[in-house]
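Asker: got a structure for you, letters missing:
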C-alpha cells in the first residue's frame, strides 16, 4: 500500500529489514476525541488511521521512533 507515494511496508523498519509483512497483532484501539482518527496499538507500534478513509497516516514504532506520512 502506498500513502502519498511512500510504501507503508517500509515505515520504521528494523535495521537490515527491507519490508514489513502485515501491521502486527492488534492489542488495543481507540478513536480520537474528535472522531477524526483511529489509533491502533500493535506489537509493531501505534498506527494512526484517518477514520473517514481508513488509510494509515502515521506509525509510532516501538523500536525506531515515529514515521508520519509526508
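Answerer: Cool, got the structure. Quick caveat, the model's predicted, so the values are computed rather than measured.
Asker: low-scoring pLDDT stretches of the chain, where are they?
Answerer: In the predicted model of the chain, residues 1-6, 62-70 satisfy pLDDT under 70.
Asker: show me where it has its strands.
Answerer: Ranges of strands within the chain are 2-3, 6-7, 26-31, 37-42, 45-50, 55-61, 65-68, based on DSSP state E.
Asker: among those strands, which is nearest residue 17?
Answerer: Shortest distance between residue 17 and these, using C-beta to C-beta, is found for strand 55-61: 11.6 Å. For every residue, glycine as well, the C-beta is placed using N, CA and C.
Asker: buried residues in the closest one?
Answerer: Within strand 55-61, the residues that qualify as buried by neighbour count (16 or more other C-beta atoms under 10 Å) are 56, 57, 58, 59, 60, 61.
Asker: which strands or helices does that strand pack on?
Answerer: With contacts defined as 3 or more C-beta pairs under 8 Å, 6 or more residues apart in numbering; DSSP states H and E, strand 55-61 has these neighbours: strand 2-3, strand 45-50, strand 65-68.
Asker: what is the orientation angle of it with strand 45-50?
Answerer: Using axes from the mean of the first three to the mean of the last three C-alpha atoms, to 10 degrees, the direction of strand 55-61 lies 160 degrees away from that of strand 45-50.
Asker: got the angle for strand 55-61 vs strand 37-42?
Answerer: 50 degrees.
Asker: who does strand 55-61 pair up with?
Answerer: Listed by DSSP bridges, the sheet partners of strand 55-61 and their directions read strand 45-50 (antiparallel), strand 65-68 (antiparallel).
Asker: any idea how far it is from the middle of the chain?
Answerer: Chain-centre distance of strand 55-61: 3 Å, with C-alpha atoms, centre = their mean, to the nearest Å.
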